[in-house]
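Novice: return a 3D structure for these sequence lines:
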Amino acid sequence: MAPRKNAQSTPAELSLVHLRNCLVNLPSSLVSLLVNINTPAQNVVVELSYRTPPTGGAPSAAPQSIFVGWTGMPSKRKVTPVVGRDGINGIRGNPSSRDQDIGLVEIDATLANTLGLTDGQKITASIHVDPPLVHTINLEPLTPEDWEIIELHATFLELNLLSQVRALPNPAFKSASGQPVPAHALTLHLSPTSTARIKTISLDPPPPADYPFAKISPDAEVIVAPKTRPKTTQSSSENRSVASTSKSRRSGTSSGRKKSTRERKNKITLRGVDRNMCLDWFEEEVVAPDFSIWVDHDLLHARGFNGVNYVLVTVLRESGSVANTPRPQADDPAPVTSHVATKVVAHLRAWDDPPDSKPAALSSPLCAALGFTGMVGGIIEIEAASQPVGRDAVQKLAVYPFATSKKTSEGLKFGSESKAEREEAAKTFRHIYAGSQKASSLLAGPLTDGTLFGLYDGLESPQGWEGGVIKFEPAPSSPDSKEPGRWTLGISEKTPIEFQAPIPRPAWMTEDSIAEPLPSYDGLLVSIDKLLLDLQSHLSNLSTSLLTGASGSGKTSVAKYVAQRLREDSFFHTTYFSCKKLVNDESRMASIRSTLNQLFLTASWGAKFGGKAVIILDDLDTSCPAETELQTTDNGRSRQVSEIISSMARQYCSVESGVVLLATAEGKEALNEIIVGANVFREVLELKAPNKDARRQVLEAIVKQEATSPDNDAAPSHDGSRPTTADGSAAAEDSNWMDGASQGSRENTTRQPGRFILDSDLDFLDIAGLTDGYMPKDLSVVIERAQNEAVIRSVDNSSKPNAKPGPIRLTRLDFDNALKDFTPTSLRDVSLQSSTTTFSSIGGLQETRQVLLETLLYPTKYAPVFEKCPLRLRSGLLLYGYPGCGKTLLASAVAGECGLNFISVKGPEILNKYIGASEKSVRDLFERASAAKPSVLFFDEFDSIAPKRGHDSTGVTDRVVNQLLTLMDGAEGLSGVYVLAATSRPDLIDPALLRPGRLDKSLLCDLPTLEDRVDILKALSQQVKLDPEMSESDEAWTEIARRCEAFSGADLQGLISNAQLEAIHDVLQDDSHNEPVANGKTNGVHKAESVPSFVHFPYCEPEEPSSTSLIQPNKFHERAAIMAKLEGIKQARKRARRAQQPEAVKAAVEDKEVVVGWKHLVKALVETKASISAQERNRLKRIYHEFVVGRSGEMKDGQPSMEIGGRSSLM
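Specialist: Below you'll find the model as predicted:
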């Protein structure tokens, strides 16, 4: 077909990709042309011209054209190969063509299959700008199946037609010879798994008869004509033929033919299950790798299949149509290689002891041939097979390999043009599917014409082989032999196998599936046996369940493991879907509804005929998050998706339907209230963070996969032994978490036992104690880091002499290095404060320290003892006392002493004038503390955060107090979170916070007594250098403490600081007296004899006189840099000489160090006074006494305070 006048054309090749529309990606040359003329992608129509092979004795190939739109994107580059069919480019060909790019036009694989186009086909691409518009379009589906799919997705088609189709062929177009040219078909993608084909009937306004295409107007009206199935009626001739009692030969032949037809229509519909999924129901474990199907013996006898050895097996889809059915266009001369057999002949075998009469076991090669590897719950249909063709009829077996998706530089290339490689490929193919068992292999029969030879578990396939289609040659010539099911009992060893050119995969294999495939889980699960049993029991009883847990806790692993157990034990049809795919702002709600509807519909179809199905919605909280005030734009979308899932769960998930829903989320409160309030989930199970013993089990289980004990350097045996559970008993086959994989799957893991040797001193319980708050995923990362540390250490040691090769030893030091600077997942968004202060650096407050240890340290250090305590432990403490008595210092020492995560909060930090912001800050604080548990949440100046309610005119602090009351004494309690508050005015705190259950105990940090002051002074003196007489004499410290009456801890610290300053002044004065006096002074300033003098010899030409003034500052900088270098050299020499000096000289040098003595402390006492006056002490003492013994349950009368500066309060 000649291009239009305004068309720009270029030769190119076709590349089949997944575009899911009737648009194409153009070569960069055409894209550049369109960009230069500023042409929108919506105004471009692309014409692809190609030639079909001549048929019917035609003298030349017939030209054809198809018309599509442009996506606006360029295609990938393809460089001309150096070695081609005609030799090396540049020697036999054009030298300049060696580095030229081959123009590629990328087209959707489904559309190409419909039009009969193949990958790599030579075409001519022409672009047309500003084509004629049409406003009314009349379309018609090609088949009744297409009409049913369009009718089901009518709304989606109405909203998304323009995004998939932009150009239409003109049905009234006539060629130059006057012959009408039929309009080519188009493909519509109506869901991730459903496609429909349409053709154009008429266009309005009609384009000119010599114009082959038109563009859809944005406001066009689309009319789709229905195409119903024809009603099948039995003809009168058939009635006469069946009922005839004539004894003529013709009548007898007709009756026999009709009887055979009725027998062949005897079909059985069953639930297909891969035989590898139900090995426990068979006595023999190893079977021949052939096309076989096992059906209940009693069912075969009841349905009249006695004596039938071979049957046709078909997989049905939801609509009842045959799955994987290629739908070539009627007038499309599609190559025979694209026709994959949808009915495969299999050997029928009796199943002696099935669970019931509904399931049928299919061999793994048969599942792969039908396109459902690992099938569980697929609906299949079997019928007696027709008579096979003789082996002599199959003179040659043609193999059409699938084009590999990845470029392989190594290994055998299947479908190569080289004769030697084709012969080698044929030998490899025979070895793969025949092997040593030639009598019982796939090639030994039964073989169906057009069977797909795919990949399945247990098949040892070489690199580059991704499956293919086999065809019998010569092709059948009689019409009767073209019907589905042409098969043979096998081919002989002498039958040649010839590889053909690679072909693209069928459309049903390239289409993206909604649900992800669920492979056999080969992970490791420990310490959650009860959770696994409960979850499996709930799902087996068709009770919808929600699995919650923090990030990295293993929710996805648990869901996949339970799904595998349900598949193997109860033949559940499993559908896994990650809800993160729905988190896309560009996804329309209609598309989301269609995706979820198809998901539930697939599961419902898998539960037919008495079966069961489970739908796994992973990370449901990502698509249905809880509504928040700060993200109002996302609340509407979350609400709509939640309503869709709730309605579909009520529609599909019930005991009668056999469909059950399993969802995972970080928490029930993280989901939208529509899902929570609609009672979608009957059971909620929480996957908690592992405790110390569970973490030990996780560490041991993961490490021992790759390491062995020092007494046994061999790899650990896998003879069915299992790690012991917490009670010391061996776990059952199906009762371990990180032990959930089957034995066969565990052997296929990539772990290599014996790479490491465990050190004899390695104690996993100690390591587990250092990993509080770690999730299983974090522990796995820690083990990997420890192994890397061991490998680095081994590499360093291998370079040393006398190094012995062998397994790498895994030591405690490796784990300590792995834990350094590692932050677990739960703490990565939490700001923690680190403190080096310990109780040893704090003096006094002995009783307060003891209570803090009992409350904070003991529950963590002696966890097994406290777990047996039935009563609720206290988790809140209030530190109150005089200013400067060590409340904040004591709280900071808790973090360093007890090893707990410390979160410090200053009072004014969480207050905000906006309504709701302060309460949210409080909630965020407790969420951070819960994520970092065991942790201490410290509130400094607590009276500014939680004053008595009623005195605040804005109401901010009242709402904060209400939020604190709710969080500090919730129904579930604060497990692992301790609240520590400090204040100097406990009387201002709201009394509701001071009752047991919130701040359980109030600890007084009183002014230090004489003994406390001595203890504090000794603790502070550890940080300075003391006179030996002071450090050895307790009487001196007692005398200093006696003179410090009414001093607080902060005052004593100031005393030691002032004494240190006095000692520094004495040292400076002594140095000034010992310095030699200069001969004289000039204006009161010493002469600078100490300034070093030097001569600088620059390696350059002298500067010009004119530029001397500009260069002068640079000389000063250069001179200063040289002086600094000289000073550094002099200091290094001094240190070297000092190191070589005798001890006497060193002692003389040490005499110049700052030493605090008695005179310095006495002099500092003169300048240091108590920071709290006697009047203030008495007032605070009355307040503290009233706080302890003077509180009563009487309420105030509401009269405001008349004191100056007094505040009104309702309490």
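Novice: for the stretch 651-800 of the chain, which segments count as strands?
Specialist: 659-665, 683-687, 707-708, 756-758 (DSSP state E, counting those that start in this stretch).
Novice: tell me which of those strands is the most buried.
Specialist: Compared across these, strand 659-665 shows the largest average neighbour count, a mean of 26 (mean count of other CB atoms under 10 Å). Heads up, the C-betas are built off the backbone N, CA and C, glycines and all.
Novice: now do that strand against strand 683-687, angle only.
Specialist: 40 degrees (axes from the mean of the first three to the mean of the last three CA atoms, to 10 degrees).
Novice: avg pLDDT for strand 659-665?
Specialist: Here strand 659-665 scores 94 as its mean pLDDT.
Novice: by contact count, what packs against that strand?
Specialist: When contacts are defined as 3 or more CB pairs under 8 Å, 6 or more residues apart in numbering; DSSP states H and E, strand 659-665 sits against helix 529-540, strand 545-549, helix 555-570, helix 589-606, strand 612-618, helix 620-623.
Novice: one step back: adding distance to K1181, write the strands of the stretch 651-800 of the chain out as JSON lines.
Specialist: Shown next, in JSON lines, are these (distance: least, CB to CB, whole Å):
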{"stretch": "strand 659-665", "distance to K1181": "54"}
{"stretch": "strand 683-687", "distance to K1181": "49"}
{"stretch": "strand 707-708", "distance to K1181": "64"}
{"stretch": "strand 756-758", "distance to K1181": "61"}
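Novice: figure out which of the ones you listed is closest to I150.
Specialist: Counting by CB to CB, I150 lies closest to strand 659-665 out of these; the figure is 26.5 Å.
Novice: who does that closest one pair up with?
Specialist: strand 545-549 (parallel), strand 612-618 (parallel) (DSSP bridges).
Novice: pipe those into TSV and attach mean pLDDT, mean neighbour count and distance to D210 per row.
Specialist: Formatted as TSV, the strands paired with strand 659-665 follow (pLDDT from 0 to 100; neighbours: other CB atoms under 10 Å; distance: least, CB to CB, whole Å):
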stretch	mean pLDDT	mean neighbour count	distance to D210
strand 545-549	93	23	65
strand 612-618	93	25	55
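Novice: right, and these - which one's nearest L1061?
Specialist: For these, the distance to L1061 is smallest for strand 545-549, at 56.8 Å, taking CB to CB.
Novice: which residues touch the closest one?
Specialist: With contacts defined as CB atoms under 8 Å, 6 or more residues apart in numbering, strand 545-549 is touched by 535, 538-539, 555, 558-559, 620, 660-668, 671, 681-688.
Novice: quick one on the thing from earlier: now distance to S75 too, for the strands paired with strand 659-665, in TSV please.
Specialist: As requested, the strands paired with strand 659-665 are exported to TSV (distance: least, CB to CB, whole Å):
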stretch	distance to S75
strand 545-549	44
strand 612-618	35
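Novice: out of those, which comes closest to V295?
Specialist: Nearest of the strands paired with strand 659-665 (CB to CB): strand 612-618, 20.0 Å.
Novice: pull that closest one out as CSV, backbone CA atoms only.
Specialist: Coordinates of each C-alpha in strand 612-618 appear next as CSV, following Å, rounded to 0.1, in the frame of the first residue of the first chain:
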residue,chain,number,x,y,z
LYS,A,612,-11.5,-24.2,49.0
ALA,A,613,-9.5,-21.1,48.1
VAL,A,614,-7.6,-18.5,50.1
ILE,A,615,-6.9,-14.9,49.1
ILE,A,616,-3.8,-13.3,50.6
LEU,A,617,-3.8,-9.5,50.6
ASP,A,618,-0.3,-8.6,51.7
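Novice: what angle sits between that strand and helix 589-606?
Specialist: If you take the same axes, to 10 degrees, strand 612-618 sits at 150 degrees to helix 589-606.
Novice: quick revisit: want to throw the helices and strands packed on strand 659-665 into TSV with distance to R20?
Specialist: As requested, those are exported to TSV (distance: least, CB to CB, whole Å):
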stretch	distance to R20
helix 529-540	34
strand 545-549	33
helix 555-570	28
helix 589-606	12
strand 612-618	24
helix 620-623	21
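Novice: out of those, which one sits most buried?
Specialist: strand 612-618 (a mean of 25).
Novice: which sections of the stretch 751-900 of the chain are below the confidence cut-off?
Specialist: 751-754, 802-804, 829-836, 871 (pLDDT under 70).
Novice: for A426, what are its contacts?
Specialist: V399, P496, I497, E498, F499.
Novice: typed the wrong thing, it's A818
Specialist: Counting by CB under 8 Å, 6+ apart, A818 touches V782, I783, R785, A786, N788, E789.
Novice: so which of those wins on neighbours?
Specialist: Top of the contacts of A818 by neighbour number is A786, holding 25 neighbours under the definition other CB atoms under 10 Å.
Novice: against R812, how distant is that one?
Specialist: According to CB to CB, to the nearest Å, A786 stands 9 Å off from R812.
Novice: try D1000
Specialist: 38 Å.
Novice: for the lengthiest helix in the chain, name the packing helices and strands.
Specialist: Criterion DSSP state H: the longest helix present in the chain is helix 1108-1140. For helix 1108-1140, the packing partners by 3+ CB pairs under 8 Å, 6+ apart come out as helix 1143-1150.
Novice: now the helix it packs on: average pLDDT?
Specialist: 55.
Novice: i'd like the first residue to be 6 from this point on
Specialist: Taking 6 as the first residue, the last one we looked at is helix 1148-1155.
Novice: beyond that helix, next helix or strand please.
Specialist: Toward the C-terminus, helix 1148-1155 is succeeded by helix 1163-1172 as the next helix or strand (DSSP states H and E).
Novice: now that following helix: buried residues?
Specialist: W1163, H1165, L1166, K1168, A1169, L1170 (16 or more other CB atoms under 10 Å).
Novice: who touches that helix?
Specialist: In contact with helix 1163-1172 (CB under 8 Å, 6+ apart) are residues 1032, 1034-1035, 1041, 1045, 1048-1049, 1060-1061, 1063-1068, 1071.
Novice: tell me which of the residues you listed fall in helices.
Specialist: 1034-1035, 1041, 1045, 1048, 1060-1061, 1063-1068, 1071.
Novice: who touches A219 in this structure?
Specialist: Shown in contact with A219 (CB under 8 Å, 6+ apart): P136, P137, L138, V139, A172, L173, N175, L208, P212.
Novice: for it, grab phi and psi.
Specialist: Backbone geometry at A219, expressed as degrees, to the nearest 10, gives phi -150, psi 160.
Novice: how near is it to V73?
Specialist: Per CB to CB, A219 is found 13 Å from V73.
Novice: what is in contact with those two at once?
Specialist: The contact lists of A219 and V73 share A172, where a contact means CB under 8 Å, 6+ apart.
Novice: walk me through the domains of this structure.
Specialist: With domains defined by the TED database, the chain comprises 14-57+67-84+106-229, 272-325+342-410+418-482+489-504, 533-693, 844-1011, 1014-1074+1158-1195.
Novice: for these, which one sits closest to G778?
Specialist: domain 844-1011 (6.2 Å).
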